[in-house]
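**Q** Quick one, what's the 3D model for this:
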Amino acid sequence: MTTVRRILKPSVLRNHKQLRELDLTQSGIFLSPLDADLGTTFMDKLEESRLAPDTKERISSRCMDFLKELVKQYQLRLPASVEILSKLELFCPKSVMSTIKRPGVKDLPADLFSCPIGTLETQWRNVATANFSDDQDIDKFWLEVEAFKDAGGHKCFQELAQGAIRLLVLPVSNAHVEQAFSLVSLLKDDTRNRMGLPLLSSIMDVRTGLVRNGFTSATFKPPRQLLERFDSTIY
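**A** Prediction:
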């Protein structure tokens, strides 16, 4: 949204919901290159340069065209469920456990919950008084809430937590899929085209596992149990 607001007229876009409905082919909704926010560093460098005024104007116009295309790509990649995804901030641990500016149950996306509104309201009200830490990742927070049991052994926040988890697992983008295809193209090149799927999958698991845990091939130290398995039986 920050990039979008840099080049669109303020009256055109008041909230993120309107971005999907905008007709970006209309030139009248965009600011002029002089009024658009092309960046302080860019403008300073442009002013300091000894380029002719018409050249500076062409450069600004080309930068503006680039940002316009970027906004169009944003619009194409916005998921249809963007309105539901905008509710994600309501489920942040600090918002859930807050006692001051806490969202009401009517603000929650009801379609995600498979329980009566009364049950949802009770669980939403009570979860704020439970002893959950708000200083943790949102996924870990809701997994902890889902697993919580009262004195009678009942999961008293199960419906609420399962609805929040449904929202968390919605596919926001296909970036991970594109990264996987890029990794496949990198590993299985022309000289290694006969590599089988099991070996390819294993190499991908190793590489992504190292990145996920903050290691590289140089910093990872294999445990002794792993090294002991490297004997003649693996051949």
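**Q** counting contacts, what elements does the strand or helix carrying residue 69 pack onto?
**A** According to DSSP states H and E, residue 69 maps onto helix 53-77. Helix 53-77 is packed against helix 2-7, helix 40-48, with contacts defined by 3 or more CB pairs under 8 Å, 6 or more residues apart in numbering; DSSP states H and E. C-beta here means a position set from N, CA and C on the backbone, and glycine is covered the same way.
**Q** residues making contact with that helix?
**A** Helix 53-77 is contacted from outside by 3-4, 6-8, 19-20, 22, 24, 30, 33-34, 36, 38, 42, 46, 49, 51, 173, using CB atoms under 8 Å, 6 or more residues apart in numbering.
**Q** hang on, the earlier thing: please identify the deepest-packed of the helices and strands packed on helix 53-77.
**A** Of all the helices and strands packed on helix 53-77, helix 2-7 has the most neighbours on average by mean count of other CB atoms under 10 Å, namely a mean of 15.
**Q** Please report how far residue 175 lies from residue 77.
**A** 10 Å (CB to CB, to the nearest Å).
**Q** In space, what's closest to residue 207 - neighbours in sequence excluded?
**A** Setting aside the residues directly before and after it, residue 207 is nearest to residue 183 in space (CB to CB, 6 or more residues apart in numbering), at 6.7 Å.
**Q** For residue 191, see how far away that neighbour is.
**A** Distance from residue 183 to residue 191, by CB to CB: 17 Å.
**Q** who's more crowded, these two?
**A** For residue 183 and residue 191, the more surrounded residue by other CB atoms under 10 Å is residue 183, and the numbers stand at 15 against 7.
**Q** contacting residues around that one?
**A** When contacts are counted by CB under 8 Å, 6+ apart, residue 183 touches 204, 207-208.
**Q** so it is in which element?
**A** Secondary structure assignment for residue 183, by DSSP H and E: helix 175-187.
**Q** which residues touch the closest residue to residue 37 other than its chain neighbours?
**A** The shortest distance from residue 37 to any non-neighbouring residue, by CB to CB, 6+ apart, is to residue 6 (4.0 Å). Neighbour list for residue 6: 36-38, 67 [criterion: CB under 8 Å, 6+ apart].
**Q** what about 7 Å?
**A** 36-37, 67 (CB atoms under 7 Å, 6 or more residues apart in numbering).
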